[in-house]
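Novice: fold the stuff below for me.
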Amino acid sequence: MPSKKAFALRIDENTMKAIEKWAADEFRSTNGQLEWIIREALKKSGRLPKKGE
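Specialist: Numbering: from 1, shown residues only. Okay, here's the model as predicted:
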């Protein structure tokens, strides 16, 4: 499993509330939801690294 890197994220309050609600609806943590959103965006744009890269 790849290691994870922590970083600070500044996000406006309304966006954060929407992400927290979405995460709860999907039975994920807020952090897990943000990871999922980013991963899906990378896949959609063709920028997700191939396995082994």
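
Novice: where does the residue lying closest to Leu9 once chain neighbours are set aside land in three-state SS?
Specialist: Distances taken as C-beta to C-beta, 6 or more residues apart in numbering place Leu34 nearest to Leu9, at 7.6 Å, with adjacent residues excluded. Heads up, the C-betas are built off the backbone N, CA and C, glycines and all. Secondary structure, DSSP: H, G, I helix; E, B strand; the rest coil: Leu34 is helix.

Novice: these two touch, right, Leu34 and Ile19?
Specialist: Yes: the criterion here is C-beta atoms under 8 Å, and Leu34 meets it with Ile19 at 6.5 Å.

Novice: ok, residues contacting the lowest-mean-pLDDT helix or strand in the chain?
Specialist: The weakest-scoring helix or strand in the chain, judged by mean pLDDT, DSSP states H and E, is helix 30-44 (a mean of 96). Helix 30-44 is contacted by residues Leu9, Met16, Ile19, Glu20, Trp22, Ala23, Glu26, Arg28, Leu48 when judged by C-beta atoms under 8 Å, 6 or more residues apart in numbering.

Novice: who wins for most neighbours among these?
Specialist: When neighbours are taken as other C-beta atoms under 10 Å, the top entry among the contacts of helix 30-44 is Ala23 (18 neighbours).

Novice: count the neighbours of the residue lying closest to that one once chain neighbours are set aside for me.
Specialist: If the residues on either side of it in the chain are set aside, Ala23 comes closest to Gln33, at 3.6 Å by C-beta to C-beta, 6+ apart. If you count neighbours by other C-beta under 10 Å, Gln33 ends up with 19.

Novice: how close does Gln33 sit to Lys51?
Specialist: 23 Å (C-beta to C-beta, to the nearest Å).

Novice: any idea which element Asn14 lies in?
Specialist: Taking DSSP states H and E as the definition, Asn14 sits inside helix 13-25.

Novice: so which elements touch that helix?
Specialist: In this structure, helix 13-25 makes packing contacts with helix 30-44, judged by 3 or more C-beta pairs under 8 Å, 6 or more residues apart in numbering; DSSP states H and E.
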